[in-house]
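[1] Fold the following, please.
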Amino acid sequence: MVIICLAIMVAGSSIAAVGGTFLWMIVGRALQGFSLSLIPVGISIMRDELPKEKMGSAVALLSATLGIGSAMGLPLAGLLYEGLSWEAGFWASAAAGVLLMTGVLLVVPES
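    Predicted coordinates for the structure are as follows:
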């Protein structure tokens, strides 16, 4: 499920970057929304793979990264837009998704 959600997010980012019209931007952003389903899937994987005594801190770390990512995302998107173009943010998102898929395939054991 992690790979599927990330693949849909990468497809959405790519569509938003090359679509060229408002309709394709909406379609791409809607597909990017599938990445939100990674939060409960990630917590489920942690429950399967981590010892019980580490679960609390692992969920706390996951929650903290959501806040940190949100706080950093807006200024970074602004820098990408200002320095390159509005499409650069979507290409950066697609590249991050591909890197994450590679990491999941190499590191995360089958649950």
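[2] Going by C-alpha atoms from here, please, whenever you check contacts or count neighbours.
    Fine.
[3] so where's the chain uncertain?
    Scanning the chain for pLDDT under 70 picks out 111.
[4] Just give me the residue right at the centre of it.
    Centroid-nearest residue in the chain: residue 35, 5.2 Å away (criterion: C-alpha atoms, centre = their mean).
[5] contacting residues for that one?
    Residue 35 makes contacts with 5, 6, 8, 9, as judged by C-alpha atoms under 8 Å, 6 or more residues apart in numbering.
[6] Next, the contact list for the most far-flung residue of the chain relative to its centre, please.
    Distance from the C-alpha centroid of the chain, by C-alpha atoms, centre = their mean, peaks at residue 53 (27.1 Å). By C-alpha under 8 Å, 6+ apart, the contact set of residue 53 is empty.
[7] re the thing from before, among the contacts of residue 35, which are in helices?
    By the criterion of DSSP state H, membership of those in helices covers 5, 6, 8, 9.
[8] Could you export the residues you listed as TSV, including distance to residue 59 and neighbour count?
    Shown next, in TSV, are these (distance: C-alpha to C-alpha, whole Å; neighbours: other C-alpha atoms under 10 Å):
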residue	distance to residue 59	neighbour count
5	20	21
6	20	26
8	24	20
9	23	25
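[9] Could you point out the helix or strand that follows the helix or strand harbouring residue 74?
    Here residue 74 sits within helix 55-83, counting by DSSP states H and E. On the C-terminal side of helix 55-83, the closest following helix or strand by DSSP H and E is helix 86-107.
[10] Can you mark which positions in the helix holding residue 74 are buried?
    Neighbour-count burial for helix 55-83 flags 55, 59, 77, 80 (criterion: 16 or more other C-alpha atoms under 10 Å).
[11] Report the buried residues of the helix or strand containing residue 27.
    Secondary structure assignment for residue 27, by DSSP H and E: helix 22-32. For helix 22-32, the neighbour count (16+ other C-alpha under 10 Å) marks 24, 25, 28, 29, 30, 31, 32 as buried.
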